[in-house]
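Q: After the sequence you'll find the predicted model.
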Amino acid sequence: MHGKIVRYLSSNGKGAVINLSRKLFEFTKETWHDKKVIPAVDMFVEFRCNEAGQVTDCKASRYQDFGNHSMISESEFWHHETDEQLDTLLSNKRDAIVQKIYKTTDYQKIREIAVDIKPMESLKKYFSQEFSAIAFLNDLHLPKDKFLYDYTHLKRFSAKTLDNLLYSDKTIPKDDFIEELGIMTRLESAFSGLTRYQKVNVENVFKEHFLAQQCHYQALIVAINNAKDTANLCQKRINALKSDILLLQRRIQSKVDLEKNSQKLEKVQLELKKMGESENFNSNLCKRLLHLKEQFEEHYLKIYTELYQKTHERIYKKIKSGLDICITILNDKIYHKILKSVSLQKNFFKNANNDRVPTMTYFIEQYLEHLNKDKLNELDTLLYHYINKIKKKQRKYFLIVTTDEQESTNLKLKILCQNELYSVKTAYKRTLYFSLINEITFEKIYIDSAHIWENPEGLIQEAKAFKANAQTSFEIISKQVSGNRFGFLE
C-alpha cells in the first residue's frame, strides 16, 4: 500500500509510515529495501505488511511530486495501492491526451511540434533523488573562513574518529551527530548514484525520459503510423486491383460477358485511381511528418545532451562540495567535543605523548606513519600528499617545558583550541627537551619557571644554540600552580 514517512531516526534506522486511514506502521532499516534512497520524513513510500500488521517491505515511491506538471494527484496516490497501478493510470491519462491531440490537429498544416515538458524539467525529474539530497545542504552552516576538508580523503577515517570519541567519553550520545550523519548518508547515496550516470547512454535517457513525456510528439507518432498504415493498405489494394484489371482485360479480349466485364473494368480503374491518389497523399504526408519528427529529435537531442552534461557536472560539484562541507562540520564538531570532554582531559591529554587532537587528520597521520612510503598504493599516495599539503600550511609546533602535569595539560588545551592541526609537545626532563629542540622547529616555547630543573635563561640559550630554534619565541610562565608531577626528574 502507499504511505508517507512521519518519523525516522538515522541513528537506529527506525521509522514510521502512515497510510490513507492514518494508521501508523513501524519499519526498520532491515525492512527498508531501497538502496538508492535514504528514508526521510515526508517521503512518499510503497510498503507491504504481513498478517500481523508488521512492515515486511518498504521503499520510496516513484511518485514524490504532485505539482502542476504532474498528471498524478496526491489524492490518486493515496487511493491506489501500488506504483504499478499509478503507472497504468498515468499511461491511460497520457494516451487519452495523445488521442485528443491527434484528433484535434490538422497534420496537413502542422509545421512544428509543441513541447509539453521542457528539457530542464525532464532532467530535474530524472535527477530528482540527487536534487532532493542537495536540498538538505540548506540545513548546513559553515563559518565563512573555515578551511574545507576533502571528503574523498577523510571519509574512511570518519567512523573511527567518531567511535573513538564515543568510546572515550560515554557521556556523549551518538544522537548529537544525527543531523550531520543523516545529511552525509543522503549525499553519499546520491554521489554513488552519479557513477551510473557517467556510463549511461544519454540518447536512451532522451528517448525514455523526454520524448516519452511529449504528448504532442507522441500524437505525431500516431499520425505517422496511421499515414504509413493507410499508405500500405492502399498499396495492397492497388496490387489487388491491378490483378483484377488484368483478369477483366483477358475476359474482355475473350469476349466473355463483354458488357458486364467492361463496366467492372471501368469501376475497378476508377477505384485504382482513387487508391493511387490516397497512397500518394499518405506517403507524402508520412514523409513530411517523419521529416518533422527527425528535426524535432535532432534539435532537442542536442539541447538535451548539453543540458544533461551541464546538469550532471553541476550536481556532481554540488554534492561533492556538500560532502566536503559535511565532513568538515562533522570533524569540527568532534574537535570541539573532544576539547570540552572532561574524560579526554583526564586521560588522553594528560598523557604527554598525545600532542594533537584526535580528529580525522590525527588518525590519517597515524595510519600513514605505519606504512612504507615507497610502497604506497595510488589511494594512499594521494592521501599522503594531501595531508602533507595541509600540514605544510597549518601545522605549528609548540613546546611546554614543565614537570607539572596539570599545568602542562591546561596550557596544551588552550593552544590546541586555536587550531586542530597544532602539535603541543611537553618536555618534562632534560634529555627529552634536548632531543625536541634539536629535531623540531617550534613556533613558541613555554617555560614553567616554577616547575623546571634549571633556570629559564639557561634553557632559552640552549634552545637558541640550535639552528632549528634560533628564531623561536619564548614565554616564561611564572604562575605558581600546585599539582601532580610526572615524576621523571633528572
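A: Received, thanks.
Q: And stretch 129-138, how far out from the chain middle?
A: Distance, stretch centre to chain centre, for stretch 129-138: 8 Å (C-alpha atoms, centre = their mean, to the nearest Å).
Q: Over to stretch 152-167?
A: 21 Å.
Q: Please, which helix or strand holds the most centrally placed residue in the chain?
A: For the chain, the residue nearest the mean C-alpha position is Ala190 (2.2 Å; C-alpha atoms, centre = their mean). For Ala190, the host element (DSSP states H and E) is helix 178-199.
Q: Please identify the buried residues of that helix?
A: Buried residues in helix 178-199, defined by neighbour count with 16 or more other C-beta atoms under 10 Å: 179-184, 186-191, 193, 197. Heads up, the C-betas are built off the backbone N, CA and C, glycines and all.
Q: Can I get it as PDB, trimmed to CA atoms?
A: The C-alpha trace of helix 178-199 is given here as PDB (Å, rounded to 0.1, in the frame of the first residue of the first chain):
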ATOM      1  CA  ILE A 178      22.400  12.600  13.800                       C
ATOM      2  CA  GLU A 179      21.900  15.700  11.600                       C
ATOM      3  CA  GLU A 180      25.400  15.700  10.100                       C
ATOM      4  CA  LEU A 181      25.500  11.900   9.600                       C
ATOM      5  CA  GLY A 182      21.900  11.800   8.100                       C
ATOM      6  CA  ILE A 183      22.700  14.500   5.500                       C
ATOM      7  CA  MET A 184      26.100  12.900   4.700                       C
ATOM      8  CA  THR A 185      24.400   9.500   4.200                       C
ATOM      9  CA  ARG A 186      21.900  11.000   1.800                       C
ATOM     10  CA  LEU A 187      24.600  12.800  -0.100                       C
ATOM     11  CA  GLU A 188      26.800   9.700  -0.200                       C
ATOM     12  CA  SER A 189      23.900   7.700  -1.700                       C
ATOM     13  CA  ALA A 190      23.400  10.400  -4.400                       C
ATOM     14  CA  PHE A 191      27.100  10.600  -5.000                       C
ATOM     15  CA  SER A 192      27.500   6.900  -5.600                       C
ATOM     16  CA  GLY A 193      24.500   7.000  -7.900                       C
ATOM     17  CA  LEU A 194      26.300   9.500 -10.100                       C
ATOM     18  CA  THR A 195      28.700   6.700 -11.200                       C
ATOM     19  CA  ARG A 196      25.900   5.100 -13.200                       C
ATOM     20  CA  TYR A 197      25.000   8.400 -14.800                       C
ATOM     21  CA  GLN A 198      28.600   8.700 -16.200                       C
ATOM     22  CA  LYS A 199      28.200   5.400 -18.100                       C
END
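Q: quick one: least confident helix or strand in the protein?
A: With mean pLDDT, DSSP states H and E as the measure, the helix or strand of the chain carrying the lowest mean pLDDT is helix 178-199 (a mean of 80).
Q: Against which helices or strands is that one packed?
A: helix 128-135, helix 258-340 (3 or more C-beta pairs under 8 Å, 6 or more residues apart in numbering; DSSP states H and E).
Q: one step back: could you pull up the residues touching the residue nearest to the centre of the chain?
A: Shown in contact with Ala190 (C-beta atoms under 8 Å, 6 or more residues apart in numbering): 129-130, 132-134, 315, 319.
Q: ok, how many other residues are close to the closest residue to it other than its chain neighbours?
A: Nearest-residue entry for Ala190: Ala133, 3.9 Å, with adjacent residues in sequence omitted and distances by C-beta to C-beta, 6 or more residues apart in numbering. Here the number of neighbours of Ala133 (other C-beta atoms under 10 Å) works out to 26.
Q: Ala133 and Ser189, how far apart?
A: As for Ala133, its distance to Ser189 is 7 Å (criterion: C-beta to C-beta, to the nearest Å).
Q: Please apply the same query to Val98.
A: Separation of Val98 from Ser189 (C-beta to C-beta) stands at 35 Å.
Q: ditto for His299
A: In terms of C-beta to C-beta, His299 sits 35 Å off from Ser189.
Q: same check, this time on Glu121
A: With C-beta to C-beta as the criterion, Glu121 and Ser189 are 24 Å apart.
Q: can you check Phe131 too?
A: Counting by C-beta to C-beta, the separation of Phe131 from Ser189 is 13 Å.
Q: Please apply the same query to Val41.
A: Taken as C-beta to C-beta, the span from Val41 to Ser189 is 16 Å.
Q: my guess is Glu462 meets Asn438, correct?
A: No - assessed by C-beta atoms under 8 Å, Glu462 is found out of contact with Asn438, at 10.0 Å.
Q: And the helices in the stretch 301-450 of the chain?
A: Taking DSSP state H, counting those that start in this stretch, the helices of the stretch 301-450 of the chain run over residues 342-346, 360-369, 378-394, 405-416, 430-439.
Q: Which elements pack onto the last one?
A: Think helix 430-439. Other helices and strands packing on helix 430-439, by 3+ C-beta pairs under 8 Å, 6+ apart, are strand 397-401, strand 423-427, helix 456-464.
Q: could you redo the last one with a cut-off of 10 Å?
A: Counting by 3 or more C-beta pairs under 10 Å, 6 or more residues apart in numbering; DSSP states H and E, the packing neighbours recorded for helix 430-439 are strand 397-401, strand 423-427, strand 444-448, helix 456-464.
Q: Of these, which is nearest Phe210?
A: With C-beta to C-beta as the criterion, Phe210 lies closest to strand 423-427 of those, at 56.2 Å.
Q: Run the angle between the closest one and helix 430-439 for me.
A: 140 degrees (axes from the mean of the first three to the mean of the last three C-alpha atoms, to 10 degrees).
Q: about what we covered before: and the least confident helix or strand of the chain, how far from the chain's centre?
A: 3 Å.
Q: Next secondary structure element downstream of that helix?
A: Downstream of helix 178-199, the next assigned helix or strand under DSSP H and E is helix 202-209.
Q: what's the angle from that following helix to helix 178-199?
A: On the basis of the same axes, to 10 degrees, helix 202-209 is oriented at 110 degrees to helix 178-199.
Q: And the contacts of helix 202-209?
A: Helix 202-209 has contacts (C-beta atoms under 10 Å, 6 or more residues apart in numbering) with 117, 119, 122-123, 125-126, 197, 201, 212, 297, 300-309, 312.
Q: ok, now how distant is the residue in the chain sticking out farthest from the centre from Phe349?
A: Computed with C-alpha atoms, centre = their mean, the residue of the chain farthest from its C-alpha average is Lys255, at 84.9 Å. For Lys255, the distance to Phe349 (C-beta to C-beta) stands at 123 Å.
Q: try Gln295
A: According to C-beta to C-beta, Gln295 stands 72 Å off from Phe349.
Q: go on, Tyr151?
A: 28 Å.
Q: count of residues packed around Phe47?
A: Close neighbours of Phe47, defined as other C-beta under 10 Å, add up to 21.
Q: Go ahead and confirm it touches Asp83.
A: No - checked against C-beta atoms under 10 Å, the pair Phe47 and Asp83 is beyond contact range at 11.3 Å.
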